[in-house]
Each structure stands twice: as C-alpha cells, then as structure tokens.
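Peer 1: Kindly return the folded structure for what I paste below:
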Amino acid sequence: MFLLPKGNPLAENIQAAKLHLPEALDKLKNGALTGCAAFDFPGADCALIYDGGKLLGALVHRENKELRDQAALQALVDLLVLANSGSFSVYGFSREMTLALLGMISGTAVITGQEIKQIDFKALLERVKNEQMTGTLKIYTDDRSGLIFYKGGATIGFYHDASTAVETTAGEVQQIAGLPGAKADLCVLQNEQAPSLDIASMVDIRKLWETASGNIFATAPVSAPNVEAPAPPLADTAVSCSPADVETTIVELANQFLGKLGKALAEKELSNVGGATALTDADKLNEFQSAMERGSKLLASANKIKEMNTAISNEIAKL
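Peer 2: The predicted structure follows:
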C-alpha cells in the first residue's frame, strides 16, 4: 500500500489529464515549494519531494514495482500523457517533515518487510535515536498502513490510512502494528542533510513531454503497399478489402504487437471513430491514430509501435 501524508494543502485533486507537467514543475520550482507533490492514478502513484523548490526525490509506484528519480520522471510523463483520470495534489510541510519523507522516498533501507513480531522495537528506537536517523518507519498489513516520521533521531509525527493530517500520537499506528502479519520498513537518509542536487536539472522534462505528446503515427503517413507497378484504383489487379475485413485485421495486428490490451485498445478506438469505414475520412483517421499512439506507449517499445503503425497504415490503405 502506497501511503503519503497530507500537509498544508496548496492544491488538491486537480485533474491529472488536464495537467501540463513542465509548467506544473516550473511553478513548484519558482514557488520554492518545501513539501510534496502527489499524483494518484488508477494503476499507479507518484511522489515528488521538494526542498526550497529543488526536486530532491521522485518515486513512481506501479504494479508492485518502484521507479526512482530520473526513471520516475520518465514514467510520470508517460502516465500523464496517457491519463484519462487521476488527480494531482500539492502539500506544504515543514523542512523536518520533508526530509523524513525524502528518507522514505529515496533513503537507504534499514529494515525491509520484516515481521513486527520479530523486531525488538526498544532496540530499534534506541538505534534511531543514537544514530540520529532521519526517515520514515512504515508499518503495514495487506489492508492497513501507518507511518512514523523521524528527524535527527526524534519522532516528529504519525500518519495512517485513515488520517486527514499528520498526528502527534501513535495510537492508530500502534494498533496497525498489532494486527496479524504486520510488517515494517525503515528507510532513512544516509546523513541528516538533504542532498543538494536538483533532479529536475538532470532531466529535460519539456523535451520528454513534447516527445511523449507527439504522434508516432505522423512519422509514417498512410500509403499504398509497395508494388512494382501500382494499378489504378478501379483496375482488376487493385488490392482492396471490405471495411469489416480491414477492421478485423487492425484488431489482429494490435493483438500481435501489443497483446490482449492492444486488442482491446484497437476495438475501443475503432468503435469511437465509427468503425473502419470512417478511416477514409482524414479527421477520423487522425483521431484514431492519435488515440492508438497514446494508448500504446505503456504496452510496447517505440520500435514495436512503429512497426505496428506501418502494418496498420498499409491495411487502411486497402479501404
């Protein structure tokens, strides 16, 4: 369970599909945000940790996998370009809390997936204090999750999945720790000082955004199949197919290149434009190609998508 606390709300529940990422990140930088920007998608979550406008940590959690820093920003671009739903929120925190969150997002793991009943908490808390750790202890089960935040070895707050704000008492988090099968992760900064490197300066977000937002299909315009002597459209030797045949082949090609999700994507987008018959209209063709391009990016590599594009374009040319 991916859990982030809520701080001072600076922006809440903005529709992710309407967000222009480069402009949003520029605002967070220019506004000298100290806190967290959170993205919530149906199948993924993302957290960006800022200190004085510098992006110090980035994490994308998707399909039980985690991507960090530059890789996380690339994944975030792809998620936003494809987003039909999801939300974006920004919360301000004290610098102490921000560093504790940074420990959770980008820190070193001290404990990972260890069962609570096997942990000597007295010894663990003594270690946190003596080594002046800054980070977050996550306590969780399959259904519940709680967080304890530390700065320089001192406890600075608690949060759980039913919280509306960071709390000062551990009651509910302690109850989660007592649930059957509860486990713990402890991640901390390697030293008390936050890193000074701005991750945003290492990645050209605007270029990534423009590339991801572009239309791959535009690189391969619809053209007739290569033949030695192209015949006039009405000649007996012309290659032509019925719209139903073309539609079936397009779906089969999407399944071949993208798998079952690609098949479902092609069926959906063909239905949205009115079937293969509508693809003879330039506007409908562009609408279909753009929709297929957006939906394909997380399903296959760019090269594979281009191969599919060529195959589908050649099939459409038979209409």
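
Peer 1: What is the burial count for Ser163?
Peer 2: Neighbour count of Ser163, defined by other CB atoms under 10 Å: 17. C-beta: built from backbone N, CA, C; applies to glycine.

Peer 1: so is it in a helix, a strand, or just coil?
Peer 2: Taking DSSP: H, G, I helix; E, B strand; the rest coil as the rule, one finds Ser163 in the coil state.

Peer 1: tell me the contacts of the nearest residue to Ala182 once chain neighbours are set aside?
Peer 2: Take Ala182 and drop its neighbours on the chain: the residue closest to it by CB to CB, 6 or more residues apart in numbering is Ile116, 4.4 Å away. With contacts defined as CB atoms under 8 Å, 6 or more residues apart in numbering, Ile116 is in contact with 139, 177-178, 182-184.

Peer 1: Out of those, which sit inside strands?
Peer 2: Counting by DSSP state E, the contacts of Ile116 place 139, 183-184 in strands.

Peer 1: Make TSV from the contacts of Ile116 and add pLDDT, distance to Leu73 and neighbour count to it.
Peer 2: Below are the contacts of Ile116 laid out as TSV (pLDDT from 0 to 100; distance: CB to CB, whole Å; neighbours: other CB atoms under 10 Å):
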residue	pLDDT	distance to Leu73	neighbour count
Ile139	96	29	25
Ala177	94	34	22
Gly178	94	38	10
Ala182	96	33	20
Lys183	96	29	19
Ala184	96	29	22
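
Peer 1: re the thing from before, which one of the ones in strands among the contacts of Ile116 sits closest to Val251?
Peer 2: Within those, the smallest distance to Val251 is 43.9 Å, found for Lys183 (CB to CB).

Peer 1: so that closest one touches Arg144, yeah?
Peer 2: No. Using CB atoms under 8 Å, Lys183 is not in contact with Arg144; the gap is 11.1 Å.

Peer 1: ok, the residue nearest to Ala182 to Thr168 distance?
Peer 2: For Ile116, the distance to Thr168 equals 22 Å [CB to CB, to the nearest Å].

Peer 1: now do Ala11
Peer 2: 25 Å.

Peer 1: Show the residue spans covered by the helices in the stretch 51-200 of the chain.
Peer 2: Per DSSP state H, counting those that start in this stretch, the stretch 51-200 of the chain carries helices over the ranges 69-82, 95-106, 121-130, 171-177.

Peer 1: Buried deepest among those, which one?
Peer 2: helix 95-106 (a mean of 24; mean count of other CB atoms under 10 Å).

Peer 1: ok, the residue nearest to Ala182 to Leu56 distance?
Peer 2: According to CB to CB, Ile116 stands 30 Å off from Leu56.

Peer 1: go on, Asp204?
Peer 2: Using CB to CB, one obtains 18 Å as the distance from Asp204 to Leu56.

Peer 1: for the stretch 51-200 of the chain, which spans come out with low pLDDT?
Peer 2: The model of the stretch 51-200 of the chain has pLDDT under 70 over residues 191-196.

Peer 1: follow-up on the earlier one: could the ones in strands among the contacts of Ile116 go into a markdown table alongside distance to Ala24?
Peer 2: Shown next, in a markdown table, are the ones in strands among the contacts of Ile116 (distance: CB to CB, whole Å):
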| residue | distance to Ala24 |
| --- | --- |
| Ile139 | 32 |
| Lys183 | 34 |
| Ala184 | 34 |
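
Peer 1: Looking at those, which is nearest Leu299?
Peer 2: Nearest to Leu299 out of the ones in strands among the contacts of Ile116 is Lys183 (CB to CB; 32.6 Å).
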